[in-house]
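Visitor: Here is the input, now give the coordinates:
(one chain, ligands or ions: 2)
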Amino acid sequence: MIVTFTPNPALDITYAVPFVALGETHRVASVSERAGGKGLNVAAVLTSMGCRSVAVAPVGEMDLDLFASDLGARRVPHRLVPSPCPTRRSVAVVEASGRVTLLNEPGIGQSQRVWDRVADEIEALAPEASTLTVSGSFPPGTAPDLVRRVTRLAHEAGLRVVLDVSGAPLSRALAMRPDLVKPNRVEAAQTLTGLGRGEVPSVPGAARALVAAGARAAIISDGTNGLVLVHDDVALRAHLPRPLSGNPTGAGDALTASLAADLDGDGDLPEGPEAWASVLRRGVAWSAAAVLQPVAGAVDPADVSRLLPTVEIEEIRL
Ligand SMILES: Nc1ncnc2c1ncn2[C@@H]1O[C@H](COP(=O)(O)OP(=O)(O)OP(=O)(O)O)[C@@H](O)[C@H]1O
Ligand SMILES: [Mg+2]
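Guide: Numbering: from 1, shown residues only. Ligands and ions are numbered 1, 2, ... in the order given. Below you'll find the model as predicted:
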């Protein structure tokens with residue numbers, strides 16, 4: 001079983017309007033509200049693929065019913081930690097042309113009590129779990145040591161840890177030897193710049209630098225170019241022969257879900273290029289399948305099966 005932790009979930013609000021005229025007043029044609037957040041997407045993708053997970057997130061007391069009923073309707077198991085701070089809103093204004101304008105609130109810092117309860121939930125789930133994922137941003141003012149704390153807690157409970165975080169939270173957590181880190185290309189570069197590593201030469205170079213800084217293995221996703229893995233002396237690139245057109249938001253979350261699913265069970269990280277190639281094939285297939293879905297947090301297993309045999313893998317010389 002996989003525990004997914006979302007430190008900064010959002011209530012995703014979508015407004016449909018015929019068109020946006022800046023500075024004008026608009027009548028909204030339809031509104032939808034949905035429980036959003038990267039770790040919730042990871043858990044929802046795991047549900048789509050028939051894998052067991054539990055999503056843990058702090059959620060504003062006034063938003064709890066909406067989150068619980070939306071996640072329940074999508075059959076995403078969850079343990080929501082009530083917080084006195086309202087959950088941030090992420091507003092998408094969708095025009096008839098298909099153009100989307102996003103307005104993302106940063107979130108409100110949580111009290112230490114709320115983080116303590118989050119840690120308690122993760123600890124309570126640990127005996128049944130094999131892997132913890134931590135995904136996305138942190139509310140402003142969050143102590144950068146929060147990821148270190150949950151990584152240590154998870155390791156002490158015998159869980160593997162997959163981090164899809166970036167910047168200070170990632171650079172601070174690297175010393176805790178997370179089992180796998182999965183930033184995208186831009187996030188990896190920002191993290192390494194923050195670590196004072198100077199100019200990052202290439203995606204494989206960035207993955208190697210994250211491993212040198214403490215990650216046991218690093219996978220850097222690179223959108224339509226697929227992904228790069230570095231673990232010990234294995235360095236691989238995996239991609240589709242041609243990118244798909246669709247909705248790439250949440251493709252990285254589907255990749256994280258696939259990696260966590262591969263670590264689920266008793267085993268450790270894969271060893272050697274062949275074992276990693278199987279993992280990366282699934283990672284590319286799951287994440288590409290997510291591109292074919294209109295919303296983040298879903299994949300169709302039939303798309304995954306169709307895409308799997310098309311994934312191309314190459315060894316990289318570092
Ligand atoms: N257009 C595409 N066609 C096929 N596969 C794609 C495409 N875009 C992304 N992918 C797959 O999804 C993976 C993750 O994409 P990306 O690097 O954009 O993640 P991300 O920026 O973390 O996304 P998010 O945070 O929104 O989930 C890529 O490594 C690739 O395998
Ligand atoms: Mg991402």
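
Visitor: Just the CA atoms from stretch 88-101 would do, formatted as PDB, please.
Guide: Written as PDB, here are the backbone C-alpha positions of stretch 88-101 (Å, rounded to 0.1, in the frame of the first residue of the first chain):
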ATOM      1  CA  ARG A  88      -6.300  27.500  -1.000                       C
ATOM      2  CA  ARG A  89      -8.200  27.900  -4.200                       C
ATOM      3  CA  SER A  90      -6.900  27.300  -7.700                       C
ATOM      4  CA  VAL A  91      -9.100  28.900 -10.300                       C
ATOM      5  CA  ALA A  92      -9.100  27.900 -13.900                       C
ATOM      6  CA  VAL A  93     -11.100  30.200 -16.300                       C
ATOM      7  CA  VAL A  94     -11.900  28.200 -19.400                       C
ATOM      8  CA  GLU A  95     -13.000  30.000 -22.500                       C
ATOM      9  CA  ALA A  96     -15.000  28.500 -25.300                       C
ATOM     10  CA  SER A  97     -11.900  28.600 -27.500                       C
ATOM     11  CA  GLY A  98     -10.300  26.200 -25.000                       C
ATOM     12  CA  ARG A  99      -7.800  28.800 -23.700                       C
ATOM     13  CA  VAL A 100      -7.300  28.400 -20.000                       C
ATOM     14  CA  THR A 101      -6.200  31.100 -17.500                       C
END
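
Visitor: Just after the longest helix seen in the chain, pick out the following helix or strand.
Guide: The residue-count maximum for a helix in the chain (DSSP state H) belongs to helix 272-291. Going down the chain from helix 272-291, the next helix or strand is helix 301-307, by DSSP states H and E.

Visitor: Now the element after that following helix, going C-ward?
Guide: Using DSSP H and E, the helix or strand that follows helix 301-307 towards the C-terminus is strand 312-315.

Visitor: That following strand and ligand 1 in contact?
Guide: No. Contact of strand 312-315 with ligand 1 is not found when judged by CB under 6 Å from any ligand atom; the minimum separation is 11.3 Å. (Each C-beta comes from the backbone N, C-alpha and C, glycine too.)

Visitor: Which neighbouring elements make contact with that strand?
Guide: Contacting strand 312-315 under the criterion 3 or more CB pairs under 8 Å, 6 or more residues apart in numbering; DSSP states H and E are the following elements: strand 234-239, helix 272-291.

Visitor: The first one and ligand 1, are they touching?
Guide: It refers to strand 234-239. No. When contact is scored as CB under 6 Å from any ligand atom, no part of strand 234-239 falls within range of ligand 1; the minimum is 6.7 Å.
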